[in-house]
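J.: Can you look at this prediction? I've put the sequence above it.
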Amino acid sequence: MFEIRSYHYLPEKFEAYKKWAIDDAVPFLKANLDIVGFWISNGDEPELSGSDPQPVKHGVANITWIIRWEDRDARTKGFEEVLGGEGWAAVWAKHPDADGYLQMEARFADEL
């Protein structure tokens, strides 16, 4: 099972978030979870298409990352262990603005 996490983070604080993600969060998360990838917007405008493309309130997500899990139970246990520990608490303490997330989305997919 894959968890696709998409965040809409405050544009005016995005550079500080990027620095924190690159220096602190991503290395910790990759060392402790099965991270498939972690992507941060490069600032290029998104391309919307389809028969009825509708921009959303906060635009497209500017942070996306994917975690591989065995199942939902493993996800629950994994997050409790990793994000509930002292290591993540130390990383989170360096966060530039924990209230800067305008919207967060987690969705789940199976590999074909």
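T.: On my side now, so go ahead. Residues are numbered from 1 along each chain as shown.
J.: how about the strands in this protein?
T.: Taking DSSP state E to define them, one finds strands in the chain at 2-9, 35-40, 63-68, 101-109.
J.: Distance to G50 for those strands - can I get that in TSV?
T.: (C-beta placed from N, C-alpha, C; glycine too.) Shown next, in TSV, are the strands of the chain (distance: least, CB to CB, whole Å):
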stretch	distance to G50
strand 2-9	18
strand 35-40	22
strand 63-68	19
strand 101-109	18
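J.: List just the one of these that sits closest to K18.
T.: For the strands of the chain, the distance to K18 is smallest for strand 35-40, at 5.6 Å, taking CB to CB.
J.: Quick one: list the elements packing against that closest one.
T.: Applying 3 or more CB pairs under 8 Å, 6 or more residues apart in numbering; DSSP states H and E, one finds that strand 35-40 makes contact with helix 26-32, strand 63-68.
J.: average pLDDT for that strand?
T.: The pLDDT scores in strand 35-40 average 96.
J.: how about it: buried residues?
T.: The neighbour-count check on strand 35-40 (16 or more other CB atoms under 10 Å) flags 38, 40 as buried.
J.: what's the angle between that strand and strand 63-68?
T.: Counting by axes from the mean of the first three to the mean of the last three CA atoms, to 10 degrees, strand 35-40 lies at 180 degrees to strand 63-68.
J.: and strand 35-40, how far out from the chain's middle?
T.: Between the centre of strand 35-40 and the centre of its chain there are 8 Å (CA atoms, centre = their mean, to the nearest Å).
J.: Can you list the strands that that strand pairs with?
T.: strand 63-68 (antiparallel) (DSSP bridges).
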